[in-house]
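J.: Show me the folded form of this:
(one chain, ligands or ions: 1)
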Amino acid sequence: MHYFEYKNGQLFAEDISVEELVKEFDTPVYIYSARTFRRHFEAFDSAFAGIDHLTCYSVKANSNLCVLKMLSEMGSGMDIVSGGELFRVLKAGVDPQKIVYSGVGKKDHEIREAILSDILMFNVESRQELEKINQVAAEMDSTARISLRINPDVDPKTHPYISTGLKKNKFGLDLEQAMDSYMLAKQLSNIEPVGIDCHIGSQLTSIDPFIEALDRIMKFQSKLTDLGIDIRYLDLGGGLGITYDEEQPPHPVEFGQAIKEKLKGTDLTLILEPGRVIAGNSGILVTRVLYTKKTPSKNFIIVDAAMNDLVRPSLYGSFHRIACVHEKNGPDCVADIVGPICETGDFLAQDRKIREVGQNELLAVFSAGAYGFTMSSQYNSRPRGAEVIVDGTKFTLARRREVYFDLLDLEEQCF
Ligand code: LLP
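T.: Residues are numbered from 1 along each chain as shown. This next block holds a predicted model:
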């Protein structure tokens, strides 16, 4: 469900026509719908009503300050994975007691900053990291709350690059190692073990792997209780999928019910880290057709957005629905929709059926609100496009378009 709809043959973001936004901000441009963000957060969070829980939006999906502020004002906590994300969420006014910090490679200064900010907890991914956090906390004369990230060895049945809970993945600790690390954590004087954590992958379209992981974690947690380690938080990570094409992921209500059923009778506070399910369908990327060309083997539609703007199709072979901003009758064609970057891997879609388009027509790439702008780069010295946020009849620039000077801003005059 989202608020990007056609009215009289014109694509609108809520109450504003996309064409009007393009007149103001040019292309390529990311357009976000505030109403969709709010609706998705509300739908997800309320699915867990009735049990103690904290929804920590996963910042990596879309870290624009306006987005973070909006979600924070709705009571969202944040799942962060770097000092940079901590900086962002604090700037957005997020309550540190609603911040969880995941990731396999936290640096000393990042750990220090998080302890100084008094975040809710670190999700720790290795024994050495646990020892490091203890050392940094000791130097600061402080105590760090932690949970250990368990790798439950469950197949999330998603793209291999975004599967994280398999034995062969770099994430978390297997059950045996986790037990040793909890015993160590109990003894470390500047560590307070308060939680247990897992995140098995992203874009999951079935509930079963979540339940399998939860079963393993809860069994493990009861062993911890027997050993005198009292856990307050159970963090189930993120990962709930969305519809890009024809996927039929479970609705958050169904997901919530299945999890709530499992947690009945425990006094654990559930933490969730949804990213894509909140942000994915809350944004589109709008691009302009530069040229079309027919070769003996293919039709190409060359547009002004490229893999530096949206890398998902190139990196994961992901499908994003692409449609004309102006609906018109006309013959369809099958074409590759490609950007100006000098790589064959630079495409937004391959062999896609689309109405025949002409130069200067606008195309909307849907489901681009998560892992779109956050994964963008300046590859080929292409300044990044603007981000705009619409709320009903109002809109605002959420990040200005980069200019050539932004390309050189951090570089030194050599020699
Ligand atoms: N928590 C942790 C520890 C994570 O690593 C992630 C995502 C999430 C939560 C949020 O997962 P979500 O609810 O968004 O599925 N760039 C890829 C996705 C990478 C996901 C990485 N971790 C893509 O474009 O599909």
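
J.: any idea how this structure splits into domains?
T.: Structural domains of the chain, as assigned by automatic domain parsing, span the residue ranges 4-32+280-412, 34-279.

J.: and among the ones you listed, the most buried is which?
T.: Of the domains of the chain, the one with the most neighbours on average (mean count of other Cβ atoms under 10 Å) is domain 34-279, at a mean of 19. The C-beta positions use only the backbone N, C-alpha and C, and glycine is treated the same way.

J.: Can you add mean pLDDT and give the domains of the chain back as CSV?
T.: Compiled in CSV, those are given as follows (pLDDT from 0 to 100):
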stretch, mean pLDDT
domain 4-32+280-412, 97
domain 34-279, 95
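
J.: Contacts only, for A370.
T.: A370 is in contact with A61, N62, I242, G275, R276, I278, A279, G280, S282, G283, counting by Cβ atoms under 8 Å, 6 or more residues apart in numbering.

J.: Not counting sequence-adjacent ones, nearest residue to the fifth one?
T.: In other words, R276. In space, not counting the residues next to it along the chain, R276 is nearest to A370; the distance is 4.2 Å by Cβ to Cβ, 6 or more residues apart in numbering.

J.: So the one you found: helix, strand or coil?
T.: Per DSSP: H, G, I helix; E, B strand; the rest coil, the secondary structure class of A370 is coil.

J.: distance between the ends of stretch 375-393?
T.: Stretch 375-393 has an end-to-end distance of 29 Å (Cα to Cα, to the nearest Å).

J.: Now do M218 against G228, distance only.
T.: Taking Cβ to Cβ, to the nearest Å as the criterion, M218 is separated from G228 by 18 Å.

J.: which residue ranges form the strands in the stretch 151-300 of the chain?
T.: Per DSSP state E, counting those that start in this stretch, the stretch 151-300 of the chain has strands spanning 191-197, 233-235, 269-272, 283-294, 299-303. These are given in chain order.

J.: Just list the residues touching the nearest residue to F87 once chain neighbours are set aside, thanks.
T.: In this structure, F87 finds its nearest non-sequential neighbour in E113, 7.9 Å apart by Cβ to Cβ, 6+ apart. When the contact criterion is Cβ under 8 Å, 6+ apart, the partners of E113 are G83, L86, F87.

J.: ditto for L362
T.: With contact set as Cβ under 8 Å, 6+ apart, L362 has these partners: V18, E19, V22, T27, V286, T287, R288, V289, C324, V325, H326.

J.: Pretty sure S17 sits against Q10.
T.: Yes. With contact defined as Cβ atoms under 8 Å, S17 reaches Q10; the gap is 5.3 Å.

J.: if I look at N134, how far off is K186?
T.: The spacing between N134 and K186, counted by Cβ to Cβ, is 12 Å.

J.: Next, the contact list for Y161, please.
T.: By Cβ under 8 Å, 6+ apart, the contact set of Y161 is L315, Y316.

J.: at 6 Å what do you get?
T.: Taking Cβ atoms under 6 Å, 6 or more residues apart in numbering as the definition of contact, the neighbours of Y161 are Y316.

J.: Relative to the ligand, how far out is the residue nearest the centre of the chain?
T.: Against the mean C-alpha coordinate of the chain, by Cα atoms, centre = their mean, the closest residue is A61 at 2.1 Å. As defined by Cβ to the nearest ligand atom, to the nearest Å, A61 lies at a distance of 5 Å from the ligand.

J.: Would you confirm that that residue contacts E273?
T.: No. Under the criterion of Cβ atoms under 6 Å, A61 makes no contact with E273, lying 9.8 Å away.

J.: Am I right that L86 sits in a helix?
T.: Yes. Read with three-state DSSP, L86 is one of the residues of a helix.

J.: quick one, what contacts the residue lying closest to it once chain neighbours are set aside?
T.: When the adjacent residues along the chain are set aside, L86 lies closest to I80, with 5.3 Å between them (Cβ to Cβ, 6+ apart). Residues counted as contacts of I80 (Cβ under 6 Å, 6+ apart) are V59, L86, Y101.

J.: Reformat those residues as TSV; add distance to the ligand.
T.: Formatted as TSV, the contacts of I80 follow (distance: Cβ to the nearest ligand atom, whole Å):
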residue	distance to the ligand
V59	9
L86	15
Y101	10
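
J.: Turn those into CSV, including distance to G172.
T.: Formatted as CSV, these follow (distance: Cβ to Cβ, whole Å):
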residue, distance to G172
V59, 19
L86, 21
Y101, 14
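
J.: Show me where the stretch 1-150 of the chain has its strands.
T.: Taking DSSP E, counting those that start in this stretch as the criterion, the stretch 1-150 of the chain contains strands spanning 4-7, 10-13, 16-17, 29-33, 53-58, 77-80, 99-101, 121-124, 144-149.

J.: Distance to K168 for these - can I get that in JSON lines?
T.: Formatted as JSON lines, those follow (distance: least, Cβ to Cβ, whole Å):
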{"stretch": "strand 4-7", "distance to K168": "38"}
{"stretch": "strand 10-13", "distance to K168": "41"}
{"stretch": "strand 16-17", "distance to K168": "47"}
{"stretch": "strand 29-33", "distance to K168": "34"}
{"stretch": "strand 53-58", "distance to K168": "23"}
{"stretch": "strand 77-80", "distance to K168": "24"}
{"stretch": "strand 99-101", "distance to K168": "24"}
{"stretch": "strand 121-124", "distance to K168": "20"}
{"stretch": "strand 144-149", "distance to K168": "16"}
